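**Student:** This is the structure alone, sequence omitted:
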């Protein structure tokens, strides 16, 4: 028969695994939420002015935490849920960045690849490249240093976890750019509800997972992510109502324009008849 301490440990491991699975599900929905946005980008063949920076920072976060969860850094597969979801996140974020880069100018693809045509086109592609290259370098340097300079799991976790902590805080802080845009324009067009909602749910669950694992490198960044998720949801509710009141319906505008033309035609006919 198992002793009380062993039973408690088994119960704690099961609870941690359950929270990790729920965190995976919420993070999957979070990472997949921009699919709707990028389907619109593909359909309209243009990025419509929104920023790619949050997706590049999210890519760095996924790269670092995948490395953090692997047995090279963590002890065996203790952070297996972290590896699975961030590995999938790498695939999704990299796909989003490629789509953004491809349609940044909304022009000919061959011109896009060689960025020789227009200044606007060149600025967009150079901005993406200037952010993406340092991200790849940061991950590569972190992986090399942790793999070759440190020879035990504890020091590797401290080093990789510290770098990942900074990247994760930056990832959760990057929507502040969108928040600023929402406040200035009083429009929620570039802040989808599901992205904000799943960000809040995922960060809350991973914070709980980190606390159950006694791992501050997993819990700490979500102490930032959870309040920021709440802020985005509050702004969404506020400006959604205002948007519904202020934003006219396109069909109504077309009807009003047609009525105006008909009225002008009647007036002109009357004027011609009187003359």
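**Tutor:** Right, received. Where do you want to start? Being a predicted model, the structure only gives us computed values, none of them experimental.

**Student:** residue contacts, residue 26?
**Tutor:** 198, 201, 202, 205 (C-beta atoms under 8 Å, 6 or more residues apart in numbering). For every residue, glycine as well, the C-beta is placed using N, CA and C.

**Student:** repeat that for 10 Å
**Tutor:** Neighbouring residues of residue 26 by C-beta atoms under 10 Å, 6 or more residues apart in numbering: 85, 197, 198, 199, 200, 201, 202, 203, 204, 205, 206.

**Student:** could you dump these to TSV with neighbour count?
**Tutor:** As requested, those are exported to TSV (neighbours: other C-beta atoms under 10 Å):
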residue	neighbour count
85	24
197	18
198	21
199	25
200	20
201	19
202	25
203	27
204	18
205	21
206	28
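
**Student:** Show me the strands in the chain, by range?
**Tutor:** Assigned by DSSP state E, the chain shows no strands.

**Student:** Lowest mean pLDDT among the helices and strands of this structure, which one is it?
**Tutor:** In the chain, no helix or strand scores lower on mean pLDDT, DSSP states H and E than helix 109-114, which sits at a mean of 44.

**Student:** circling back to that earlier point, show me the two of the contacts of residue 26 that sit farthest apart.
**Tutor:** 85 and 197 (17.3 Å; C-beta to C-beta).

**Student:** Helices - which of the contacts of residue 26 land there?
**Tutor:** Judged by DSSP state H, the contacts of residue 26 include 85, 197, 198, 199, 200, 201, 202, 203, 204, 205, 206 as members of helices.

**Student:** Distance-wise, check the third one relative to residue 182.
**Tutor:** Just to be clear, that refers to residue 198. 17 Å (C-beta to C-beta, to the nearest Å).

**Student:** What of the last one?
**Tutor:** Distance, residue 206 to residue 182, using C-beta to C-beta: 25 Å.

**Student:** Same question for the second one.
**Tutor:** Taking C-beta to C-beta as the measure, residue 197 falls 15 Å from residue 182.

**Student:** which residues sit in contact with the nearest residue to residue 145 once chain neighbours are set aside?
**Tutor:** Distance criterion C-beta to C-beta, 6 or more residues apart in numbering; nearest residue to residue 145, sequence neighbours excluded, is residue 159 at 6.8 Å. Listed by C-beta under 10 Å, 6+ apart, the contact set of residue 159 reads 68, 73, 142, 145, 146, 149, 150.

**Student:** can you map out the helices along the stretch 1-150 of the chain?
**Tutor:** 4-32, 34-44, 53-69, 80-103, 109-114, 119-148 (DSSP state H, counting those that start in this stretch).

**Student:** Give me the below-cutoff pLDDT ranges for the chain.
**Tutor:** The chain contains residues with pLDDT under 70 at 1-9, 48-49, 105-125, 174-175, 190, 241-275.

**Student:** pretty sure residue 213 contacts residue 79?
**Tutor:** Yes: look at residue 213 against residue 79 with C-beta atoms under 10 Å: they come within range, at 7.6 Å.

**Student:** Compare these two and say which one has the larger neighbour count.
**Tutor:** residue 79 (26 against 19; other C-beta atoms under 10 Å).

**Student:** Now the more buried one, what are its backbone angles?
**Tutor:** Per-residue torsions, residue 79: phi -120, psi 40 (degrees, to the nearest 10).

**Student:** For it, which non-adjacent residue is spatially closest?
**Tutor:** Residue nearest to residue 79 in three dimensions, not counting chain neighbours: residue 69, with 3.8 Å by C-beta to C-beta, 6+ apart.

**Student:** Number of residues surrounding the residue lying closest to residue 65 once chain neighbours are set aside?
**Tutor:** Excluding its sequence neighbours, the residue lying closest to residue 65 (C-beta to C-beta, 6+ apart) is residue 86, at 4.5 Å. The tally of other residues near residue 86 (other C-beta under 10 Å) stands at 25.

**Student:** now, of the helices of the stretch 1-150 of the chain, which is deepest in the fold?
**Tutor:** helix 53-69 (a mean of 24; mean count of other C-beta atoms under 10 Å).

**Student:** Just list what that one packs against, helices and strands only.
**Tutor:** helix 4-32, helix 34-44, helix 80-103, helix 119-148, helix 153-173, helix 175-185, helix 216-246 (3 or more C-beta pairs under 10 Å, 6 or more residues apart in numbering; DSSP states H and E).
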